[in-house]
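Undergrad: Sharing a model that was predicted from the sequence below.
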Amino acid sequence: MQPSLNFANAVEYHYDAFPPERLDYELLLKPLASATDAIARFDQMLTTLHNSEILLAPLRNQEAVISSRMEGTISTIDEILRYEAEVESGDEDPEGIRSEVIETILYQRALKAGQKALEEGRPFSEWLVRSLHQSLLFFGRGAEKHPGEYKNEQNYLAGKTKKDILFIPISPEKLRDGIDNLFKYLNDSDDQILIKTAIFHVEFEALHPFEDGNGRVGRMLITLLLWHQKKISAPHFYISGYLEENKDEYIDKMKNVSAVGEWTKWCVFFLEALEAQAKRNLEVAEAIRSLYENMKVEFSETLASKWSLQALDFVFANPIFRTNKFINSSGIPPTSARRFATDLTKIGVLECLEEASGPRAALYVFEPLLRLVRV
């Protein structure tokens, strides 16, 4: 028999207290300035990249791994990239992959789908939120959790024992009004965008509108909102690393918004998270850019071909790949592509994880890039 739930220390949603009537800007001024400056420096680096989507795509995989891990879904970047290499080569059945890997892959694909929707002119709206959720949960264990549909039963946030309830989100009966108020605040408030993002995130998590996946969707929305509001010029700012390292404080600060109305203290924490993560993201992104510039010389000298830059872009976008995809998708002539894989392996830039066997193509890894982004 399932043990009964313990509500003794549970905090309930802050009914009729959103949006906050007042924030203490004296306390917010310094962390807001610091976060704004750190994000601006990160964004300046983004604008200098020749192709941020190619160079920083590994950061999206890193975010997917960490954000999913915060919800107990354990996988690695290597597993994600290998799965994608297999599927794109037509050599792997998704049913044979660990469910945790599938869930993490769905996270990064949902984030890419949200990016594409905004690029195509779709609004940052309730539709986007539900679309992200549907993409996140459409396959595997999540498919039973009503993807894209709001909750119709009360949900709870439990502690580590799963029976001690920490937080009681808004009731299903009040959720519709809560969602409307959330987007009214987003569209009508004059708050600075970083403050608005902080308030939007904590309120979304307090509403907890879905049966499952709320934390992951909420963290995706941070990236997409900052990009949509033009605080970053490319959708490659991810915050889950800091939130995972400070998970207890993250949860406590969110909970105290409902418990005692500590909106300002939550915003201070969120701004400090943005600043710290922006500095960390900048370090990793600069390391990736430096690797790219060094490899540009290495590829040019080793391959001695007009296709060397194209090969370089391919391995940055596909750090684990089978040769049939390299041949079919890189745009490089097949004879040259085969030679490139062999030549780059000889000098140690690529490592061969699996030799070709019958119809199964060889599997390669671009280890220098993965060393920068593994978590």
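TA: Right, received. Where do you want to start? Residues are numbered from 1 along each chain as shown.

Undergrad: what about the strands in the stretch 51-200 of the chain?
TA: Assignment of strands within the stretch 51-200 of the chain using DSSP state E, counting those that start in this stretch yields the ranges 157-158, 165-168.

Undergrad: Need the winner for burial among those.
TA: strand 165-168 (a mean of 18; mean count of other CB atoms under 10 Å). Glycine gets a C-beta too; all of them are placed from N, C-alpha and C.

Undergrad: Would you give the sheet partners of that strand, along with the direction of each?
TA: If you go by DSSP bridges, strand 165-168 pairs up with strand 11-12 (parallel), strand 157-158 (antiparallel).

Undergrad: about what we covered before: any chance of CSV for the strands of the stretch 51-200 of the chain, columns distance to A234 and mean pLDDT?
TA: As requested, these are exported to CSV (distance: least, CB to CB, whole Å; pLDDT from 0 to 100):
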stretch, distance to A234, mean pLDDT
strand 157-158, 33, 92
strand 165-168, 34, 96
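
Undergrad: closest to L46 out of the strands paired with strand 165-168?
TA: The minimum distance between L46 and these falls on strand 157-158, with 34.3 Å, by CB to CB.

Undergrad: Tell me the gap between stretch 47-64 and the middle of its chain.
TA: For stretch 47-64, the separation from the chain centroid amounts to 11 Å (computed by CA atoms, centre = their mean, to the nearest Å).

Undergrad: Flag the helix or strand of this structure with the lowest per-element mean pLDDT.
TA: helix 77-88 (a mean of 87; mean pLDDT, DSSP states H and E).

Undergrad: Give me the buried positions along that helix.
TA: I77, D78, E79, I80, L81, R82, Y83, E84, A85, E86, E88 (16 or more other CB atoms under 10 Å).

Undergrad: how far away is the nearest residue in space to F7 that is not next to it in sequence from E12?
TA: Nearest residue to F7, sequence neighbours excluded (CB to CB, 6 or more residues apart in numbering): I165, at 5.1 Å. For I165, the distance to E12 equals 10 Å [CB to CB, to the nearest Å].

Undergrad: ok, back up a step: can I get the buried residues of helix 77-88 in TSV including distance to D188?
TA: Formatted as TSV, the buried residues of helix 77-88 follow (distance: CB to CB, whole Å):
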residue	distance to D188
I77	40
D78	45
E79	43
I80	39
L81	42
R82	46
Y83	43
E84	41
A85	46
E86	47
E88	44
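
Undergrad: count of residues packed around the residue nearest to P20 when sequence neighbours are not counted?
TA: In space, P20 comes closest to W263 once its chain neighbours are excluded; the distance is 4.0 Å by CB to CB, 6+ apart. By other CB atoms under 10 Å, 24 other residues sit near W263.
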